[in-house]
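1. coords please:
(chains A and B)
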2 protein chains.
Amino acid sequence: MSDKSPALAAMTQDELDARHAEKMKKKKAARDKILATKTVEKGLLIVHTGKGKGKSTAAFGLVFRALGNGMKVGIVQFVKGKWETGERVALERFEDRVTITAMGDGFTWETQDRRRDIEAAAAAWERAKALVMDDEHDLVLLDELNIVLRYDYLDLAEVLEVLRNRPPMKHVVVTGRNAKEELIELADLVTEMEAVKHPFRSGVKAQKGIEF
Amino acid sequence: MSDKSPALAAMTQDELDARHAEKMKKKKAARDKILATKTVEKGLLIVHTGKGKGKSTAAFGLVFRALGNGMKVGIVQFVKGKWETGERVALERFEDRVTITAMGDGFTWETQDRRRDIEAAAAAWERAKALVMDDEHDLVLLDELNIVLRYDYLDLAEVLEVLRNRPPMKHVVVTGRNAKEELIELADLVTEMEAVKHPFRSGVKAQKGIEF
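-> The predicted structure follows:
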């Protein structure tokens, strides 16, 4: 499907080239102008939410980018067993600069024990708080924190207060569906991952290397 | 903000626990039932599109997950200089299992030379085709291919044909805004990254370790 107009289709190569150069020049000028106004440097609070795939995966990409830039990264997983071998093995190559805490007996779809889940969430949050507030880690990933907040396993007000009072250059990434409105409000960057198409619909199972 | 109903608020801890256990049991049963029907294993064609952030970053996360699982990965970047130090340094730790091709003089917002861009796109596509069709790489990332397709720098029909005829277990990830309808149609998994909030709006500049 081409969206070329008849006028465009009638142009010679040279005319197309000239038209393109002019268009790109304008785009570049507009872009440069916008970039020039962006001068603030600060730690970002980033939220990945929505029902689509890629929330934790994009956070994982951010972690590797930060590691590649020499940063120190702290990770707390609020859903047990969420990350499998792939992530762990890859992170081991940077073990001097990354610390991972997984909720010991934490929330999974397998548990039906609410009290134990709440205790585990509280313990993971203590660890998260320390990572968010310290002067050592540049980026902190709170993977699936939204799920724990959604089940009211943690006090939202306290979580927000800690995030609000973190050191100015600390980057924090929060993932999970159903991000609370107040968290979205506080965040600097929120991306909603929307599923347009999902392989489950055609009977494809979760596969090693791709899904975990 | 709590969304607890008055009935829920009046429950004892024990009642809440029992109610929760019952709910989770049902969820697990539903989930297990769905998972049991997912039996197909195949290479996935994954598309990350939309105007939000995280398209390439999530792809980058997939790359690391695959590398962590011992897979071999090929990457072709259709927009020059898109990935910076962070990604490259991180990938170097896996250099035995990842190959990266960047479009030499490829499309950037800086160039206004359409013919050179088309040549560069064609060269990058040759490389992409080899990676997609070989028996060596398990996952191929075609970063920002959508942009090149959007500008009609490559023949969409040929790209679709190559993707359609790839080896059955080959995973391919395509990123970039404005994914063509036909590509979405062919894909197994499509995620649209939608920007809910962006730091540019508040004057925050792109920062090392986070944006690049």
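2. ok, A:Leu154 touching A:Glu126?
-> No - under the criterion of Cβ atoms under 8 Å, A:Leu154 makes no contact with A:Glu126, lying 10.5 Å away. C-betas here are computed from N, CA, C, even on glycine.
3. between these two, who's got more neighbours?
-> More crowded of A:Leu154 and A:Glu126, by other Cβ atoms under 10 Å in any protein chain shown: A:Leu154, with 19 against 11.
4. quick one: that one from chain B, how far?
-> Distance of A:Leu154 to chain B, computed by Cβ to the nearest Cβ, to the nearest Å: 13 Å.
5. what does A:Asp188 give?
-> Separation of A:Asp188 from chain B (Cβ to the nearest Cβ) stands at 4 Å.
6. who's A:Val98 bridged to?
-> For A:Val98, the beta-bridge partners are A:Val73 (DSSP bridges).
7. against chain B, how distant is it?
-> For A:Val98, the distance to chain B (Cβ to the nearest Cβ) stands at 11 Å.
8. hmm, that residue is touching A:Phe64, no?
-> No - counting by Cβ under 8 Å, A:Val98 does not reach A:Phe64; the two are 9.6 Å apart.
9. okay, the two: which has more neighbours?
-> Taking other Cβ under 10 Å, A:Val98 and A:Phe64 do not tie; A:Phe64 has more neighbours (28 against 21).
10. next, the more buried one: phi, psi?
-> Main-chain torsions, A:Phe64, degrees, to the nearest 10: phi -70, psi -40.
11. in contact with it, which residues?
-> Counting by Cβ atoms under 8 Å, 6 or more residues apart in numbering or on different chains, A:Phe64 touches A:Ala90, B:Phe60, B:Gly61, B:Phe64, B:Gly86, B:Glu87, B:Ala90.
12. mind doing that once more with 10 Å?
-> Shown in contact with A:Phe64 (Cβ atoms under 10 Å, 6 or more residues apart in numbering or on different chains): A:73, A:87, A:90-91, A:93-94, A:98, B:57, B:60-61, B:63-64, B:67, B:86-87, B:89-91, B:93.
13. just to revisit the earlier point, if I look at A:Val98 and A:Phe64, which residues touch both of them?
-> Shared contacts of A:Val98 and A:Phe64, defined by Cβ under 10 Å, 6+ apart, comprise A:Val73, A:Leu91.
14. so what's A:Leu35 scoring on pLDDT?
-> Per-residue confidence for A:Leu35 comes out at a pLDDT of 67.
15. try A:Ile75
-> 95.
16. pull the number of nearby residues for A:Gln77.
-> Counted with other Cβ under 10 Å, A:Gln77 comes out at 22.
17. that one touches A:Leu145, doesn't it?
-> Yes - between A:Gln77 and A:Leu145 there is a contact under Cβ atoms under 10 Å: 9.5 Å.
18. find residues that contact each of those two.
-> Common neighbours of A:Gln77 and A:Leu145 (criterion: Cβ under 10 Å, 6+ apart): A:Ala124, A:Thr175.
19. longest strand of chain A?
-> Counting by DSSP state E, the longest strand found in chain A is strand A:189-197.
20. got the CA positions of it in CSV?
-> Extracted in CSV, the C-alpha atoms of strand A:189-197 (Å, rounded to 0.1, in the frame of the first residue of the first chain):
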residue,chain,number,x,y,z
LEU,A,189,7.6,9.4,32.3
VAL,A,190,4.8,7.0,32.0
THR,A,191,4.5,4.5,29.1
GLU,A,192,1.4,2.3,28.7
MET,A,193,2.2,-0.9,26.9
GLU,A,194,-0.9,-1.9,25.0
ALA,A,195,-1.3,-5.3,23.5
VAL,A,196,-2.3,-5.1,19.9
LYS,A,197,-1.8,-8.7,19.2
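21. so that strand versus strand B:189-197, what angle?
-> 150 degrees (axes from the mean of the first three to the mean of the last three Cα atoms, to 10 degrees).
22. give me the nearest residue to A:Asp17, chain neighbours excluded.
-> Nearest residue to A:Asp17 in three dimensions, chain neighbours excluded: B:Arg114, at 4.8 Å (Cβ to Cβ, 6 or more residues apart in numbering or on different chains).
23. wait, the one you found touches A:Arg19, no?
-> Yes - between B:Arg114 and A:Arg19 there is a contact at 8.6 Å, judged by Cβ under 10 Å.
24. domain-wise, how is chain A divided?
-> Listed domain ranges for chain A are A:6-36, A:45-202 (source: automatic domain parsing).
25. which of those domains sits most buried?
-> domain A:45-202 (a mean of 20; mean count of other Cβ atoms under 10 Å in any protein chain shown).
26. ok, now which ones touch the spatially most central residue of chain A?
-> Centroid-nearest residue in chain A, with Cα atoms, centre = their mean: A:Ala59, separated by 3.4 Å. Counting by Cβ under 10 Å, 6+ apart, A:Ala59 makes contact with A:46-48, A:75, A:139, A:141-144, A:173-176, B:54, B:57-58, B:61.
27. just the ones of those residues in strands?
-> Judged by DSSP E, strands contain the following of those: A:Ile46, A:Val47, A:His48, A:Ile75, A:Leu139, A:Leu141, A:Leu142, A:Asp143, A:Val173, A:Val174, A:Thr175.
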